[in-house]
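Asker: coordinates only, sequence not included:
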């Protein structure tokens, strides 16, 4: 006579939502999904392979929901202050006019191109630290002249920056 072992799951079952997905509560803002404190329903693979291991979400149980409700006002105040400081930075960036030097021929066509990295480096020289993902270009700049470039600091905060593409000192 053989005894059969009852299989015990290694991981606790994740709570199912009304649509059959996994219900999680976001700890941080996740683009295209929601903001911190939101209860979201995602597929099991997305929960197990990305959101939970990266620490972006936790299981949405009653205890966590109560905690978030208590701290929601505090979280909103922190986010409001962050957006306010980003708006102040956007105002400062909007007043800037930066020069980017590039090699060009006599007609004003650049031998290369000016992209987001060159704009970020020019801003860094003026004391502003941004990432190239925050610079929104329609395409690379290939001629000398004045361009208006969008800068997105937050999903709610954007500004415009004047960029002069000028010939390099040796031209």
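Answerer: Perfect, I can see it now. These numbers were taken from a predicted model, which means no experiment stands behind them.

Asker: What segments of this structure are helices?
Answerer: Assigned by DSSP state H, the chain shows helices spanning 44-46, 62-94, 116-125.

Asker: and residue 104, which of those helices is closest to it?
Answerer: With C-beta to C-beta as the criterion, residue 104 lies closest to helix 116-125 of the helices of the chain, at 13.6 Å. Using the backbone N, CA and C atoms, a C-beta is placed for each residue, glycine as well.

Asker: For the helices of the chain, give me JSON lines that also has mean pLDDT.
Answerer: Formatted as JSON lines, those follow (pLDDT from 0 to 100):
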{"stretch": "helix 44-46", "mean pLDDT": "88"}
{"stretch": "helix 62-94", "mean pLDDT": "84"}
{"stretch": "helix 116-125", "mean pLDDT": "90"}
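
Asker: Next, the buried residues of stretch 59-78.
Answerer: 59, 60, 64, 68 (16 or more other C-beta atoms under 10 Å).

Asker: For it, give me every contacting residue.
Answerer: 14, 15, 23, 24, 25, 36, 37, 39, 58 (C-beta atoms under 8 Å, 6 or more residues apart in numbering).

Asker: Over to stretch 111-124?
Answerer: Looking at what lies outside stretch 111-124 - C-beta under 8 Å, 6+ apart - the contacts are 93, 96, 98-100, 102-105, 129-133, 135, 137, 140-142, 149, 161, 163, 165.

Asker: make it 7 Å
Answerer: By C-beta atoms under 7 Å, 6 or more residues apart in numbering, the residues outside stretch 111-124 that reach it are 98-100, 102-104, 130-132, 135, 137, 140-142, 149, 163, 165.
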